[in-house]
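>>> Following is a predicted model, sequence given first.
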Amino acid sequence: MFQNSRNHYRYISKINLRDYRYIAWLGSKVCNCIRDMRAIAENLLYSVKSKRDLIIIDDIFPHLLSAFKIAEFNCYLGHFKNVIIRSTGKSFPAIKEKRSFRKIVKEYENIYPQFKGKARRYNRFNKLKCKLVYVIFLKNAYDAIDKIDESKTPFVFTLYPGSFFELHQINSDKMLSRVLASPNLKKIIVTQKITHQYLTQNNGCPEEKIKFIYGAVIPMDKLVQKPFPKKYYPKNKDSFDICFVAMKYMPEGRDKGYNIFIEVAKRLAVLNKRMRFHVVGPWTGDDIDISPIQDRLEFYGSRFTDFFPEFYSRMDIILSPNAPFILLPGAFDGFPTASCIEAGVCGVAVFCTDILNLNMVFRDREEIVIIPKDASSIADIILEYFDNLNELYGLANMGKNAFRRYFGYDYQMKPRMELLSQCMSN
């Protein structure tokens, strides 16, 4: 028996790296064939059944890090009867996700068992047999447009900032023109006034094709259903806490203003020992030199939505010195960023830049604080409010009411539901 085991070990040890790669390649081909067969079987099934009401095509769903998509798509799954979400998973490498698509789906279904079977992998053989297709972001719309036109299926898409949508850039304009030229396009949802202007003035998009809904969908229920008591300095805690929350897309996070946040922290740390600083996202002490403030700065890594209600209950200010056209020419963020929205909903005072003048609803210095992209000036503004805590906490409370109003269901999801229902009926 032992001799046989040794022989087996010698055989295994002779398999070189090329053999392992071949086995892995062969396994992936088998898995792809199985997916193709499932897609063909499903096509046959729905050739005799009635059409689906809605098919959503996406690149990251149902990954929990994409909280705003979870929030929006779950509303459709709960509202419409016959909905399915096809996900390519193309964005998983960007967030360094190494788990299989099946495990991502299982994690989602454990939290939302009522939507079991609704999230499925997109396959090239899947037919779009439905009344309406819906996509978010330009890249997803562009990737799906040939399939949509081939099936002659009406579609709606939301043109958020990001995901290859860049102002006055050749490649972005080509993608956008291809999508706008589709005879199957019913409506474009835009969320920022600069996007609306760009479509009408630079791309000749008819006004009747555009639906303007300011802002974005956020996981409001996750943020407010189990509120944590707000802690105030110095009444409930000994520190004055300032946070920075963002994903990292470039060195030093210059597009999100992480470099400026660190500079502000260094200036404030010298002036006041009570100030502490917090960073959420894929940041570490290696991104920028933090040695002068390393004992006052805490990193939390990337976190899911459930983490934030308790976290924000301890924060006094969220700082977002983000700026357009740094990550890529023509690239810009929406206003406010999703992190600022979630923090504002939880009662944190939002201090953010607005270089493109995108603000449409918030009153500066009453519900939000618009800051310049300058560390020295930002530090001075924060010190001004630190010396007037009643004014700061009053602003945070007014901001909380405004954020909950403009990013609640009635303002964000109700018009989207009505639009999709109308397009499906037509």
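Right, received. Where do you want to start? Residues are numbered from 1 along each chain as shown.
>>> and Ile260, how far is that from Gly334?
The span separating Ile260 from Gly334 equals 19 Å under the rule CB to CB, to the nearest Å. For every residue, glycine as well, the C-beta is placed using N, CA and C.
>>> Tell me where the stretch 301-426 of the chain has helices.
Using DSSP state H, counting those that start in this stretch, the helices assigned to the stretch 301-426 of the chain run over residues 308-313, 338-345, 375-386, 389-406, 409-425.
>>> other SSEs contacting the fourth one?
For helix 389-406, the packing partners by 3 or more CB pairs under 8 Å, 6 or more residues apart in numbering; DSSP states H and E come out as helix 338-345, strand 349-352, helix 375-386.
>>> in that helix, what counts as buried?
Residues of helix 389-406 classed as buried under the neighbour-count rule (16 or more other CB atoms under 10 Å) are 392-393, 395-396, 398-400, 402-404, 406.
>>> swap in the third one?
By neighbour count with 16+ other CB under 10 Å, helix 375-386 contains the buried residues 375, 378-379, 381-382, 385-386.
>>> Toward the C-terminus, what is the element adjacent to the host helix or strand of Ile189?
If you go by DSSP states H and E, Ile189 is part of strand 185-190. Using DSSP H and E, the helix or strand that directly follows strand 185-190 along the chain is helix 193-202.
>>> just to revisit the earlier point, so which of the helices of the stretch 301-426 of the chain gets nearest Ile213?
When the helices of the stretch 301-426 of the chain are compared by CB to CB, helix 409-425 sits nearest Ile213, at 5.5 Å.
>>> so where's this protein shaky on pLDDT?
For the chain, the stretches with pLDDT under 70 are 1-50.
>>> Pick out the residue closest to the middle of it.
A centroid search over the chain (CA atoms, centre = their mean) returns Ser66, at 4.7 Å, as the residue closest to the centre.
>>> helix or strand for the residue lying closest to that one once chain neighbours are set aside, which one?
Leaving aside its chain neighbours, Ser66 sits nearest to Ile60 (4.7 Å; criterion: CB to CB, 6 or more residues apart in numbering). Ile60 belongs to no helix or strand when elements are defined using DSSP H and E.
>>> Distance check, Ile60 against Leu176.
In this structure, Ile60 and Leu176 are 21 Å apart, going by CB to CB.
>>> same check, this time on Ala349
Distance from Ala349 to Leu176, counting by CB to CB: 36 Å.
>>> Isn't Tyr134 up against Leu420?
Yes: in terms of CB atoms under 8 Å, Tyr134 counts as a neighbour of Leu420; the distance is 6.5 Å.
>>> So between those two, which is more surrounded?
For Tyr134 against Leu420, the residue with the higher neighbour count under other CB atoms under 10 Å is Tyr134, and the figures read 30 against 24.
>>> Name the SS class of the more buried one, please.
Here Tyr134 is recorded as strand under DSSP: H, G, I helix; E, B strand; the rest coil.
>>> ends of stretch 118-132, how far apart?
When the termini of stretch 118-132 are compared using CA to CA, to the nearest Å, they are 16 Å apart.
>>> which residues touch the nearest residue to Pro321 once chain neighbours are set aside?
Residue nearest to Pro321 in three dimensions, not counting chain neighbours: Gly257, with 3.1 Å by CB to CB, 6+ apart. For Gly257, the residues meeting the contact criterion (CB atoms under 8 Å, 6 or more residues apart in numbering) are 244, 319-323, 353, 373.
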